[in-house]
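Colleague: Structural data only, the sequence is not supplied:
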């Protein structure tokens with residue numbers, strides 16, 4: 001059975017992606033979360049409500065040993081299942097001006113997005129390489145494309161994911177594994193709930209925030225057979241704010 005591992009799938013964009021992949025492709029969804037089990041259970045309930053299947057998989061993407069232990073144990077117990085799709089969605093923001101930024105805010109943001117990408121992808125890609133097929137989608141951000149004041153850490157983390165996407169895509173293309181990134185702009189979610197939406201909408205040509213489901217549809221396309229010749233790309237989904 002083909003499976004999709006979605007990191008940070010308990011809420012927001014991650015949850016929308018997990019639900020959409022189950023609906024569109026019949027994939028068995030591995031719902032990764034770090035600490036919020038109740039929210040992860042809600043994601044699973046949404047998947048099963050629409051006829052899909054999945055399970056929860058807890059680990060902190062920043063900690064390689066945790067990632068390897070969780071994924072290796074899962075593989076041993078599920079020899080009939082294969083992770084053919086990986087969505088690196090886990091991310092955190094710790095915004096603040098660079099000159100006053102605590103080291104821990106830099107480390108946590110880079111650790112979740114950039115190191116998290118390394119930890120999870122290095123483990124999950126092994127099966128894809130052996131099977132000579134796979135889809136990897138990295139959730140980046142407009143911050144990683146243009147840089148955003150007050151988000152030097154987040155811009156650096158997402159910029160690293162974008163560069164890694166382009167490099168890894170070249171390494172594994174011969175094995176029919178595609179690696180792409182999606183760079184959302186302002187999307188209505190927990191991560192943007194404290195922002196002044198009315199003010200920010202004026203910067204967006206489409207005059208609105210995006211929906212998590214809209215990002216999920218793009219990810220769903222990228223993991224489909226229709227996108228088999230697209231790799232190493234970064235696709236912006238931001239209502240025209242950066243084009």
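Modeller: That came through, no problem. It should be emphasised that the depicted structure is a prediction, and the values quoted were computed from it without experimental measurement.
Colleague: For the rest of this, base every contact and every neighbour count on C-alpha atoms.
Modeller: Noted.
Colleague: what about the residue most central in space within the chain, distance to residue 215?
Modeller: Centroid-nearest residue in the chain: residue 89, 1.8 Å away (criterion: CA atoms, centre = their mean). To residue 215, residue 89 is 11 Å away according to CA to CA, to the nearest Å.
Colleague: Between those two, which contacts overlap?
Modeller: residue 13 (CA atoms under 8 Å, 6 or more residues apart in numbering).
Colleague: Would you mind confirming that the residue nearest to the centre of the chain makes contact with residue 136?
Modeller: No: counting by CA atoms under 8 Å, residue 89 does not reach residue 136; the two are 10.7 Å apart.
Colleague: Secondary structure element for residue 157, which one?
Modeller: Element membership of residue 157, judged by DSSP states H and E, is helix 152-172.
Colleague: The closest residue to residue 151 other than its chain neighbours sits in which helix or strand?
Modeller: Leaving aside its chain neighbours, residue 151 sits nearest to residue 95 (5.2 Å; criterion: CA to CA, 6 or more residues apart in numbering). Assigned by DSSP H and E, residue 95 belongs to no helix or strand.
Colleague: Sketch out the helices for this structure, chain order is fine.
Modeller: Assigned by DSSP state H, the helices in the chain fall at 12-25, 37-49, 64-77, 103-110, 116-131, 142-146, 152-172, 197-201, 212-222.
Colleague: what does the third one rub up against?
Modeller: Translated: helix 64-77. For helix 64-77, the surrounding residues in contact (CA under 8 Å, 6+ apart) are 57-61, 81-82, 119-120, 123-124.
Colleague: let's see it at 10 Å
Modeller: For helix 64-77, the external contacting residues (CA atoms under 10 Å, 6 or more residues apart in numbering) are 5, 30, 57-61, 78, 81-83, 115-116, 118-124, 127.
Colleague: which sections of this protein are below the confidence cut-off?
Modeller: In the predicted model, the chain carries pLDDT under 70 at residues 191-197, 243.
Colleague: Relative to residue 198, how far out is the closest residue to residue 234 other than its chain neighbours?
Modeller: Among residues not flanking residue 234 along the chain, residue 181 sits closest, at 4.6 Å (CA to CA, 6+ apart). Note on residue 181: its distance to residue 198, by CA to CA, is 28 Å.
Colleague: Between the two, tell me which one has more neighbours.
Modeller: residue 181 (28 against 11; other CA atoms under 10 Å).
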